[in-house]
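1. Starting from these lines, generate the structure:
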Amino acid sequence: MPRPVPVVNELSAAAEDCLKAIHKFAGHDGAAAIHELAPHLGLARASVSGMLGRLAEAGLAVRQSDHRVQLTAEGQRVALRTLRRHNILSCYLSAVLNFSREDADDEAERLEHAASDDVIDRMAASLRSAHRDPSGTSVPAPTVALAQPQGSTLAPER
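-> Next up is the predicted model:
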């Protein structure tokens, strides 16, 4: 009898990517300029604006009056979890499967949203103490399991 496929989490890949981008572009004050997110994510500004509204409703981000956005503690946790997944995948693909750095990064971008926590944990264990991905980015420490978000699946509007 086939085993049921576990749900990795209830956030869409676009929502996770948006949280990761906010984390990436956050300045010293912890906030990111909204105008930087759309080109980075390859989405229209309206789609990013809608996504930020849904992230705010889910308690993952806070929009500021100066066209900036800041992650909440939970949003930061999800962003770091996604970044960790990406970096472990990138390390594994590069070190074990001999992908080039660029190909490993591209493939990790797709897989970070689909791989189960068990797969990520096993990859991390097989890498032993990988603290940096092939590009030199540090791998965040493991985080607590993702709680179910409130409301929608946070899919972007196109």
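2. What pLDDT does the model give residue 132?
-> Reported pLDDT at residue 132 in the predicted model: 56.
3. ok, now the one 3 residues further on?
-> Reported pLDDT at residue 135 in the predicted model: 58.
4. Equivalent analysis for residue 144, please.
-> Reported pLDDT for residue 144: 41.
5. and if you look at residue 59?
-> 96.
6. Pull the number of nearby residues for residue 49.
-> 15 (other C-beta atoms under 10 Å). C-beta here means a position set from N, CA and C on the backbone, and glycine is covered the same way.
7. Number the residues from 44 up from this point.
-> Will do, 44 is the new start, and the previous item becomes residue 92.
8. For the nearest residue to it once chain neighbours are set aside, list the residues it contacts.
-> Leaving aside its sequence neighbours, residue 92 sits nearest to residue 77 (C-beta to C-beta, 6 or more residues apart in numbering; 7.4 Å). Residue 77 makes contacts with 88, 91, 92, 95, 106, 110, 111, 112, as judged by C-beta atoms under 8 Å, 6 or more residues apart in numbering.
9. and the last one, helix, strand or coil?
-> This points to residue 112. Using DSSP: H, G, I helix; E, B strand; the rest coil, the structure places residue 112 in strand.
10. contacting residues around it?
-> If a contact means C-beta under 8 Å, 6+ apart, then residue 112 has 65, 74, 75, 77, 80, 95, 104, 105, 106 as its contacts.
11. list the contacts for residue 67?
-> Taking C-beta under 8 Å, 6+ apart, one finds 75, 83 in contact with residue 67.
12. What pLDDT does the model give it?
-> Residue 67 is assigned 94 on the pLDDT scale.
13. With residue 135 instead?
-> Residue 135 is assigned 92 on the pLDDT scale.
14. Quick check: the farthest pair among the contacts of residue 112?
-> Spatial extent of the contacts of residue 112 (C-beta to C-beta) is set by the pair 80 and 105 at 14.4 Å.
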